[in-house]
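Colleague: model the structure of this input:
(one chain, ligands or ions: 1)
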Amino acid sequence: MVKNKFIPRRATSQRRVRGANVSSTLSLLKSQGAKSKQAKSKEPKSKESVVIVHAAKGSVSSEKANIQTVMVIACHPDDVEIGMGGTIASLIAAGVQVIIADLTNGEPTPHGSPEIRAKETKEANIILGITKRIIIGLKNREIQDTIENRKKVANVIRRYRPEIIFSHYWNDAHPDHVAASTLVDNARFYAKLTKTDLEYEPYFPRKIIYFHAMHLKASINPSFIYDISAFQTIKSRAVAAYRSQFANNPKNLNILERLKHNDSYWGGLIAKEYGEPFTLKEVLAVTNDEALLNV
Ligand SMILES: [Zn+2]
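Modeller: Numbers count the residues shown, from 1 in each chain. This is a model prediction of the structure:
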């Protein structure tokens, strides 16, 4: 059996039982990005074969995933797990390298500390199968879309060269989330600039997709829903790893129940058990009849 360092053991066993489906729209995005020749990252990549498990057939092949690298840029450790933990686990299982860039270390919070939060984040990484996670080093509760911060984020984008960036939905009650959404939009643009003092070579990610880890109690109208039926359990366990934020915080005791309920709702809209919603600002292109079937 071919080994793949990107596939967590727990995800593999669950995937074999229930299948590793991707949403039709992300498949469409994959088809759009698959043939793109991206410049090589400065970061050396694994030379191991990427393995995709065909759950329905119960077999393993060495096909390469259509997407090589995605980057999730979020404000606080636990945002990505809440917003798209199931999608992350699914992408990793499909052989995609998922890099997490937390803008802050998430502290201070009422029941946490930098040390506790780092330990919890490490645990969540293991559960989801994340092998690359960095902290950009902005100050919690004070994230702003400044020139300096755009350059910090743009340097990270230029260094790792993800085909797709995921970040916060732009309408939220937490000012960090709102600022981060704008900051990442602008950092994506800065990343392609020439004749600047930015590090690394210019680079422009093909897509930016917004996940929903919202404090605002507002309804949303997502552009697509990603099927996480095979990965909701893993997501829940990753979120639960942040005990300082949930199990040890009386105000957030029912977070897992609420997340599962929400995931069930979104999954129901695409006739699946669980799903996670995502929103785009740009329209989707359809370039062939197969893609049209998946819209
Ligand atoms: Zn947050």
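Colleague: what segments of the protein are helices?
Modeller: For the chain, the helices defined by DSSP state H occupy 9-18, 24-33, 79-93, 114-128, 147-160, 175-190, 232-240, 255-269, 289-293.
Colleague: turn those into TSV, including distance to the ion and mean pLDDT.
Modeller: Backbone N, C-alpha and C define where each C-beta goes, glycine included. Below are those laid out as TSV (distance: least, CB to the ion, whole Å; pLDDT from 0 to 100):
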stretch	distance to the ion	mean pLDDT
helix 9-18	24	38
helix 24-33	23	49
helix 79-93	4	98
helix 114-128	12	97
helix 147-160	16	98
helix 175-190	6	98
helix 232-240	12	97
helix 255-269	13	96
helix 289-293	34	88
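Colleague: mean neighbour count, those: which tops it?
Modeller: Stretch with highest mean neighbour count among those: helix 79-93 (a mean of 28; mean count of other CB atoms under 10 Å).
Colleague: present the helices of the chain as CSV; the columns should include distance to residue 277.
Modeller: Converted to CSV, the helices of the chain look like this (distance: least, CB to CB, whole Å):
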stretch, distance to residue 277
helix 9-18, 20
helix 24-33, 11
helix 79-93, 9
helix 114-128, 19
helix 147-160, 24
helix 175-190, 15
helix 232-240, 14
helix 255-269, 5
helix 289-293, 21
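Colleague: of all these, which one comes closest to residue 209?
Modeller: Residue 209 lies closest, by CB to CB, to one member of the helices of the chain: helix 24-33, at 7.9 Å.
Colleague: quick one: stretch 117-135 to chain centroid distance?
Modeller: Averaging C-alpha positions (CA atoms, centre = their mean, to the nearest Å) puts stretch 117-135 13 Å from its chain's average.
Colleague: kindly report the same for stretch 115-129.
Modeller: 15 Å.
Colleague: same check, this time on stretch 128-136
Modeller: How far stretch 128-136 lies from its chain's middle: 10 Å, per CA atoms, centre = their mean.
Colleague: can you get me the start-to-end distance on that stretch?
Modeller: 21 Å (CA to CA, to the nearest Å).
Colleague: then stretch 248-261?
Modeller: 21 Å.
Colleague: contacts for that stretch, please.
Modeller: 82, 110-111, 232, 235-236, 239-240, 245-247, 274 (CB atoms under 8 Å, 6 or more residues apart in numbering).
Colleague: change it to 7 Å
Modeller: Outside stretch 248-261, the residues within contact range by CB atoms under 7 Å, 6 or more residues apart in numbering are 82, 110-111, 232, 236, 239-240, 245-246.
Colleague: can you name the two of these that sit furthest apart?
Modeller: 110 and 232 (27.6 Å).
Colleague: most distant residue from the centre of this structure?
Modeller: Within the chain, residue 195 marks the point farthest from the mean C-alpha position, 30.5 Å out by CA atoms, centre = their mean.
Colleague: before we move on, what's the pLDDT of that one?
Modeller: On pLDDT, residue 195 comes in at 98.
Colleague: bridged to the most centrally placed residue in the chain, which residues?
Modeller: Centroid check for the chain by CA atoms, centre = their mean gives residue 72 as the closest residue, at 4.3 Å. Per DSSP bridges, the residues bridged to residue 72 are residue 100, residue 166.
Colleague: all set now, cheers.
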